[in-house]
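Student: Need coordinates for the following:
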Amino acid sequence: MKLSYDAIWQDMVAMMKAHAEIILVVAGVFLFLPMLAQSFYLPPPVMERFDLPSMQALVAYYQDNLIALLGLRLLTLLGAGTLLALFLSPDRPTVGGAIGFAGRMLPSLFFLTLVTQFLMMGGLALFIVPGLYVAARTSVSDAAMIAEGRTSPFGAVARSFELTRGIGWQIFGLVAIIWTVMWIASSATVAVIGIASHLLLPEDAANIARAMLAAVSPTVIPLAFVLLSAALYRQLSYARSGI
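Tutor: Sure thing, here's the model as predicted:
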């Protein structure tokens with residue numbers, strides 16, 4: 001099976017156009033605002049170098065703020081689940097219905113995140129490359145869970161492995177391309193606006209602008225991967241079913 005990058009990209013664009021207003025509202029409430037709150041109140045330590053003191057500071061940050069960070073993570077998962085329900089549910093739910101469904105699936109989505117991260121970290125520990133491959137093979141786990149109403153994280157991972165059989169590196173290539181493009185675009189935008197705000201705004205206003213900009217990349221990149229997961233799931237599930 002050969003993955004069509006163009007078809008997936010066109011599907012992502014089509015979803016953006018068809019649901020633009022809903023995406024902006026849901027992403028704003030469940031992705032951007034939690035990241036903005038973290039940027040204002042729980043900024044992570046600056047990692048100037050990859051050494052033991054920096055790692056200790058990072059571990060201490062997570063230990064001291066575990067509950068708050070967990071709450072923010074659950075909000076972002078709720079937003080991602082809501083968008084996936086809107087994109088993939090066959091009964092075409094309303095926004096309220098999609099939020100309710102994602103809320104009921106939230107414990108499963110959370111444990112799915114733990115399972116996939118454990119698999120990826122295990123793979124990364126084995127000379128990095130296996131971890132990248134596992135990340136590609138589990139890339140539609142969340143979409144499969146929402147689209148098919150699976151409550152078992154292990155069942156969702158197994159379904160993702162089934163759908164991505166034989167095309168793991170093709171998916172990794174697509175993920176790498178989209179991540180790079182989104183990172184460059186968001187970083188460039190943040191840099192330009194950040195410089196402008198520093199030059200044109202008073203210090204207090206510039207600090208607020210910087211906090212808002214710090215929440216842009218953690219919003220845009222996960223949103224792009226929600227769209228990618230939905231588009232991948234649709235193409236692969238259709239292909240595997242012969243549609």
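Student: hey, which helix is longest across this protein?
Tutor: Ranked by residue count, the top helix of the chain under DSSP state H comes out as helix 168-200.
Student: for that one, packing partners?
Tutor: If you count contacts as 3 or more Cβ pairs under 8 Å, 6 or more residues apart in numbering; DSSP states H and E, helix 168-200 packs onto helix 5-18, helix 129-137, helix 203-214, helix 217-241. Where C-beta positions appear, they are placed from N, C-alpha and C, glycine not excepted.
Student: mean confidence for the longest one?
Tutor: Helix 217-241 shows an average pLDDT of 87 in the prediction.
Student: do the same with the first one
Tutor: Taken as a whole, helix 5-18 has a mean pLDDT of 89.
Student: my read: residue 3 touches residue 174, true?
Tutor: Yes: counting by Cβ atoms under 8 Å, residue 3 does reach residue 174; the two are 6.8 Å apart.
Student: could I get the one helix or strand in the chain whose mean pLDDT sits lowest in CSV with only the CA atoms?
Tutor: Using mean pLDDT, DSSP states H and E, helix 203-214 stands out as the lowest-scoring helix or strand of the chain, at a mean of 72. Extracted C-alpha coordinates of helix 203-214, given in CSV (Å, rounded to 0.1, in the frame of the first residue of the first chain):
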residue,chain,number,x,y,z
GLU,A,203,6.9,46.7,28.7
ASP,A,204,3.8,45.3,30.4
ALA,A,205,1.9,45.0,27.2
ALA,A,206,5.0,43.4,25.6
ASN,A,207,5.1,40.8,28.4
ILE,A,208,1.5,39.9,27.8
ALA,A,209,2.1,39.6,24.1
ARG,A,210,5.1,37.4,24.7
ALA,A,211,3.0,35.1,26.9
MET,A,212,0.3,34.9,24.2
LEU,A,213,2.9,34.1,21.6
ALA,A,214,4.4,31.4,23.7
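Student: Go through that helix and flag the buried ones.
Tutor: Buried residues in helix 203-214, counted by 16 or more other Cβ atoms under 10 Å: 206, 209, 210, 211, 212, 213, 214.
Student: ok so, going back, indicate which one of the helices and strands packed on helix 168-200 is closest to residue 45.
Tutor: helix 203-214 (13.5 Å; Cβ to Cβ).
Student: Now do that closest one against helix 168-200, angle only.
Tutor: Put simply, helix 203-214 runs at 170 degrees to helix 168-200, going by axes from the mean of the first three to the mean of the last three Cα atoms, to 10 degrees.
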